[in-house]
Structure formats: structure tokens, C-alpha cells
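Asks: A structural model of the following input is requested.
(chains A and B)
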Amino acid sequence: QKEVEQNSGPLSVPEGAIASLNCTYSDRGSQSFFWYRQYSGKSPELIMFIYSNGDKEDGRFTAQLNKASQYVSLLIRDSQPSDSATYLCAVNTGRRALTFGSGTRLQVQP
Amino acid sequence: EAGVAQSPRYKIIEKRQSVAFWCNPISGHATLYWYQQILGQGPKLLIQFQNNGVVDDSQLPKDRFSAERLKGVDSTLKIQPAKLEDSAVYLCASRAGQSTDTQYFGPGTRLTVL
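Replies: Numbering: from 1, shown residues only, chains lettered A, B, ... in the order given. A predicted model of the protein is given here:
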């Protein structure tokens, strides 16, 4: 079992719709969770982090964490073509190094 | 605030050659990471420094990879000799301190081994 699992996609949504990206992790001791966006040929860019169970909102983005289910998600409201990218879920596995999933490719259709 | 700097941005070498990458973290960031990202995968940690000491190098292929951060600021990652499977993007990231888990990435160095 991979430590951090994501569906590779592509996830295709129409412009203006809500995109839902999901991630599961195996280490129950994980304490912090991150979503990075990576455009093709570019380096990862931090979108959000979440530490506590529940929802955290920042603009069009909402991160959701359920530690009991070992599940993290990212919702993108009013999706725009510029949101088309690969979204990487990352988990702090101790010593504050991150373990990344393989990413979900999101395509927002105009 | 300047971001994480890396050079070169691109490098093409033949197998069995040597190569070195340089990283300058965000000013004041004590923790520095090197990640390897193979096409289609997420970044994988190679080594983590706290100031000039190694915190974690468990996933660094030590028979060919080496890294140093002599003065606790800049860092160099070296591969000697390179193999075809080392073709990847090498990402450097830094973190401010113990009060935050947030890492900021540099632009990366894309290595192609022929």
C-alpha cells in the first residue's frame, strides 16, 4: 500500500463547476496535510494546508480532513481553465519531511 | 522576499558522467530539502538538512548521490556516476523553522541522462 494515494485522473470538469480531489494516507500519526498545485514543467506551488479535522476555506478552495478515515480532500469552486494542473497531496510523516502522492491531473473544460 | 533559487535549470549528460546541482534557500530558512521527481510521480525526498546537519538521508542512494550544506545556507547535490534512471527533476525546498511545516519549492533542475 502506498503511503499517500491519489487517483491519477484526469479529472475533467466544466468551467464553473466544483472539482473534488481526493487523497488517502496510511500513517495514522500524520499531523499535517498539504495541497500543492503543479503546472506542467513547473515546480509545486502551495495552495493550502490543514491540521485539524473539518473544513478549511481559502477563497475558491476548501480543504477537508477526516483523520478517522485517513482522508483529505480539496474542493475547487467555480473552476477555471487556469486551474488545469496536477494537484499533489502531501502528508507530514515526521521530522517535517513531506510524503507526496502521485498527483491528480485536473482538466477544466471551457 | 526572494524564493528558493536553483541552478542549472536544465542539464543533459551521458550515463556514467557526473553532475552537480546548486540550491540557495529562502533567506533565514534553516531546513533544506532535496526531492527527486520522476515524470508522472510525486516528489520523493532524497535528503533533509537542518542548518548544516543531515536530518534524514534514508532514501538517498549513497553509492552515487551525495549532498552537502557546509555553511548552513547553500546546498549542493551531486550524482556520480549518473544512470539512465536518474533522469528526473531535482527540486530543492526550504522551510523557515520549527513553528511551521510549510515548504517552499525552487524551480527545479531537469536532468536528462542519455
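Asks: Would you point out which residue of chain B is nearest chain A?
Replies: Relative to chain A, the nearest point of chain B is residue B:42 (3.2 Å; C-beta to the nearest C-beta). The way it works is simple: take the backbone N, C-alpha and C, and place the C-beta from them, glycine included.
Asks: residues touching residue B:77, list them.
Replies: Listed by C-beta atoms under 8 Å, 6 or more residues apart in numbering or on different chains, the contact set of residue B:77 reads B:20, B:21, B:23, B:34, B:46, B:47, B:65, B:66, B:67, B:90, B:92.
Asks: Could you name the specific helix or strand carrying it?
Replies: Element membership for residue B:77, per DSSP states H and E: strand B:75-79.
Asks: Quick check: next helix or strand after that strand?
Replies: Next helix or strand after strand B:75-79 toward the C-terminus (DSSP H and E): strand B:88-95.
Asks: Helix, strand or coil: sort out residue A:82 for me.
Replies: Three-state call for residue A:82 (DSSP: H, G, I helix; E, B strand; the rest coil): helix.
Asks: Can you give me the distance of it to residue B:72?
Replies: Separation of residue A:82 from residue B:72 (C-beta to C-beta, to the nearest Å): 38 Å.
Asks: Repeat that for residue A:18.
Replies: On the measure of C-beta to C-beta, residue A:18 and residue B:72 end up 45 Å apart.
Asks: Repeat that for residue A:14.
Replies: Counting by C-beta to C-beta, the gap from residue A:14 to residue B:72 is 49 Å.
Asks: List the residues that contact the residue of chain A found nearest chain B.
Replies: Residue nearest to chain B within chain A: residue A:100 (3.2 Å; C-beta to the nearest C-beta). Residue A:100 sits next to A:4, A:36, A:88, A:89, A:90, B:42, B:43, B:44 when contact means C-beta under 8 Å, 6+ apart.
Asks: Sort out which of these are buried, if you could.
Replies: Burial by neighbour count, 16 or more other C-beta atoms under 10 Å in any protein chain shown: within those this picks out A:4, A:36, A:88, A:89, A:90, B:42, B:43, B:44.
Asks: picking that back up, between residue A:14 and residue B:72, who's got more neighbours?
Replies: Higher neighbour count among residue A:14 and residue B:72: residue B:72, with 14 against 10, using other C-beta atoms under 10 Å in any protein chain shown.
Asks: Contact residues of chain B facing chain A?
Replies: Applying C-beta under 8 Å from any C-beta of the partner chain, we find that chain B lies next to chain A at B:31, B:33, B:40-45, B:48, B:55-56, B:89, B:91, B:95, B:101-108.
Asks: can you rerun that using 6 Å?
Replies: Applying C-beta under 6 Å from any C-beta of the partner chain, one finds that chain B approaches chain A through B:41, B:42, B:43, B:45, B:48, B:55, B:56, B:91, B:101, B:105, B:107, B:108.
Asks: Much appreciated, bye for now.
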